[in-house]
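[1] fold the following for me, if possible:
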Amino acid sequence: MSARKIGTRLPFALLAEAIDELARRKLRTLLTLLGMIFGVGAIVAMLAVGEGSRREALALVAKLGLNNVILESKALPDDQLKELRTRSLGLSQSDADAALSVVPGAQSVAVSKAIKVSAISSAGVSLQAQAFAVSLSHAEHASLELAQGRWFNDADNATLAPVCVLGARLKQKLLGDAPAMGAMVKLNHAWFSVIGVLAERELSSTEFEGVSLGVDDERMFVPWESARARLKFGPLEDEIDRISVRLSATAVPAAAASALTALIRQRHGGADDTTLIVPAGLYQQNQQTQRIFTLVMSSIAGVSLLVGGIGIMNIMLAGVLERKREIGLKRALGATKRNLIEQFLAEALVISLVGALMGLVFGAILAYAIAWLASWQVAWSLWWLFFALLSCVVIGVGFGVYPAKQAAALDPIAALRSEI
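    Numbers count the residues shown, from 1 in each chain. The predicted model follows:
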């Protein structure tokens with residue numbers, strides 16, 4: 001190779017030479033790659049599982065409403081309820097109205113009441129399922145979407161209309177493939193006409209941070225006023241079981257929760273008959289746990305990458321010793337120190353890139369294997385994949401700098417005389 005050719009090599013020529021050089025030492029190159037593959041694979045798998053967990057948490061908390069503050073009545077034995085009723089009549093519609101007026105940042109309220117079901121039947125099919133009497137705003141607060149028909153409106157409440165909305169699975173169990181709109185469904189002793197069917201919503205869990213979410217796909221919903229007029233409720237029962245207060249985007253959930261707690265305590269004579277749920281707080285708690293998990297896993301993956309980088313440096317240092325005569329010959333033919341540094345850095349870059357790409361594939365396989373074994377979710381972010389790729393390249397090239405400088409610092413005459 002002439003001095004002119006050595007001094008004027010293009011980047012792709014450098015990379016081609018680096019690939020040829022690494023291909024001549026296949027086993028050593030493979031062993032060097034393993035460190036980078038495992039390091040990048042660990043990062044990719046960790047990020048995929050972490051992102052999947054974050055999205056899963058968002059999907060679950062959407063069921064409660066991230067901007068909601070929720071108050072639920074406690075399920076207590078009859079003897080305790082009798083004692084409590086001397087001080088408190090339990091949750092009521094008037095409590096919900098007061099919350100809308102008093103809680104800072106409150107935009108709307110939704111109420112719901114669980115109905116004791118003896119049977120839900122239609123077209124000769126009878127089964128057990130959950131049924132709820134709900135206010136008009138319940139669908140918005142619970143992020144419910146309709147696949148068919150409509151949700152309840154003011155006219156339904158004003159006329160005490162015997163109408164209902166079915167969850168997707170409940171509709172299938174009751175009606176099969178028959179048209180749902182207008183079908184008659186019997187809840188206990190009362191008949192209701194179907195006006196809507198919920199869109200199916202798959203959730204990975206029926207609980208979030210210890211709070212029960214339930215399965216809306218298997219529930220029946222009727223308007224609050226219609227249920228009060230047509231169905232029977234026990235004398236000791238709360239008028240409503242749940243109050244959901246929707247907050248504005250600028251409201252502080254903790255302040256709203258404190259105000260709601262103080263309001264209900266005052267209205268209920270200090271009786272401990274309700275449970276407060278702050279979805280935003282539950283989500284923050286979940287994400288704090290997730291951040292700790294991510295930090296630990298990132299540290300382990302980072303150590304793996306550093307070990308891979310050290311492996312690149314060791315292999316390249318061994319390569320410098322083996323190629324002393326080659327280095328001396330190139331210097332004699334006019335190669336500069338910069339040319340040698342570029343050559344060795346190109347080899348480090350090739351190893352890093354190949355290791356990173358193989359690590360991406362290995363990480364994807366590992367992520368799906370973890371998801372399958374642990375029943376976790378996997379989600380992908382292009383930014384995180386780019387971060388993993390960039391981290392591998394930076395570490396690999398960074399650890400290749402020292403061997404490259406060692407090669408460039410060799411004395412040409414001594415290198416030509418070397419027996420190694």
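[2] alpha carbons only for contacts and neighbour counts from here, please
    Fine.
[3] in stretch 389-403, which residues are buried?
    For stretch 389-403, burial by neighbour count (16 or more other CA atoms under 10 Å) applies to 389-403.
[4] avg pLDDT for that stretch?
    Mean pLDDT, computed over stretch 389-403, is 84.
[5] what about it, distance to the chain center?
    Mean-position distance between stretch 389-403 and its chain equals 31 Å (CA atoms, centre = their mean, to the nearest Å).
[6] check stretch 265-280 too.
    Taking mean C-alpha positions (CA atoms, centre = their mean), stretch 265-280 and its chain are 30 Å apart.
[7] hmm, back to that, narrow the buried residues of stretch 389-403 to those in helices?
    Counting by DSSP state H, the buried residues of stretch 389-403 place 389-403 in helices.
[8] how many neighbours does the nearest residue to residue 71 once chain neighbours are set aside have?
    Counting by CA to CA, 6 or more residues apart in numbering, residue 71 lies nearest to residue 276, which is 4.7 Å off, once chain neighbours are set aside. If you count neighbours by other CA atoms under 10 Å, residue 276 ends up with 16.
[9] wasn't residue 276 part of a strand?
    Yes - counting by DSSP: H, G, I helix; E, B strand; the rest coil, residue 276 is part of a strand.
[10] low pLDDT regions in the stretch 201-350 of the chain?
    203-214, 324, 332 (pLDDT under 70).
[11] let me see the ranges of the strands in it.
    207-208, 211-212, 219-223, 242-247, 274-277 (DSSP state E, counting those that start in this stretch).
[12] of these, which is nearest residue 46?
    Taking CA to CA, strand 207-208 is the member of the strands of the stretch 201-350 of the chain nearest to residue 46, at 21.5 Å.
[13] residue 374 and residue 201, how far apart?
    21 Å (CA to CA, to the nearest Å).
[14] can you give me the helices in the stretch 301-420 of the chain?
    324-332, 337-374, 382-408, 412-417 (DSSP state H, counting those that start in this stretch).
[15] which one of those helices lies nearest to residue 187?
    helix 337-374 (39.1 Å).
[16] list the buried ones in that closest one?
    337, 339-364, 366-368, 370-371.
[17] which strands and helices lie in contact with it?
    Helix 337-374 sits against helix 11-23, helix 26-64, helix 382-408, with contacts defined as 3 or more CA pairs under 8 Å, 6 or more residues apart in numbering; DSSP states H and E.
[18] point out the most buried one among these.
    Comparing the helices and strands packed on helix 337-374 by mean neighbour count (mean count of other CA atoms under 10 Å), helix 26-64 ranks first with a mean of 22.
[19] next, the angle helix 337-374 makes with it.
    In terms of direction (axes from the mean of the first three to the mean of the last three CA atoms, to 10 degrees), helix 26-64 departs from helix 337-374 by 50 degrees.
[20] and helix 26-64 with helix 382-408, angle?
    Using the same axes, to 10 degrees: helix 26-64 against helix 382-408 is 160 degrees.
[21] what's the offset of helix 26-64 from the middle of its chain?
    14 Å.
[22] likewise stretch 397-405?
    That offset, for stretch 397-405, works out to 39 Å (CA atoms, centre = their mean).
[23] returning to what we had before: ok, the ones in helices among the buried residues of stretch 389-403 vs residue 226, which is closest?
    Distance to residue 226 across those (CA to CA) is lowest for residue 389, with 59.4 Å.
[24] surely the closest one and residue 357 touch.
    Yes - between residue 389 and residue 357 there is a contact under CA atoms under 8 Å: 7.4 Å.
[25] ok, back up a step: quick one: which of the strands of the stretch 201-350 of the chain is nearest residue 261?
    Per CA to CA, nearest to residue 261 of those: strand 274-277, 7.4 Å.
[26] what helices or strands is that closest one leaning on?
    Looks like strand 274-277 contacts strand 68-73 (3+ CA pairs under 8 Å, 6+ apart).
[27] report the angle between the strand it packs on and helix 26-64.
    Using the same axes, to 10 degrees: strand 68-73 against helix 26-64 is 60 degrees.
[28] list the buried ones in strand 68-73?
    68-73.
[29] then stretch 288-299?
    Here stretch 288-299 shows 290, 294, 297-298 as buried, counting by 16+ other CA under 10 Å.
[30] one step back: ok, which of the strands of the stretch 201-350 of the chain comes nearest residue 98?
    Of all the strands of the stretch 201-350 of the chain, strand 242-247 comes closest under CA to CA, at 10.9 Å.
[31] how about JSON lines for the helices and strands packed on helix 337-374, with distance to residue 192 added?
    Conversion of the helices and strands packed on helix 337-374 to JSON lines gives the following (distance: least, CA to CA, whole Å):
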{"stretch": "helix 11-23", "distance to residue 192": "74"}
{"stretch": "helix 26-64", "distance to residue 192": "26"}
{"stretch": "helix 382-408", "distance to residue 192": "49"}
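[32] which one of those helices has the lowest average pLDDT?
    The bottom spot among the helices and strands packed on helix 337-374, by mean pLDDT, belongs to helix 11-23, with a mean of 74.
[33] can you give the contact residues for that one?
    With contacts defined as CA atoms under 8 Å, 6 or more residues apart in numbering, helix 11-23 is touched by 29, 342-344, 346-347, 350.
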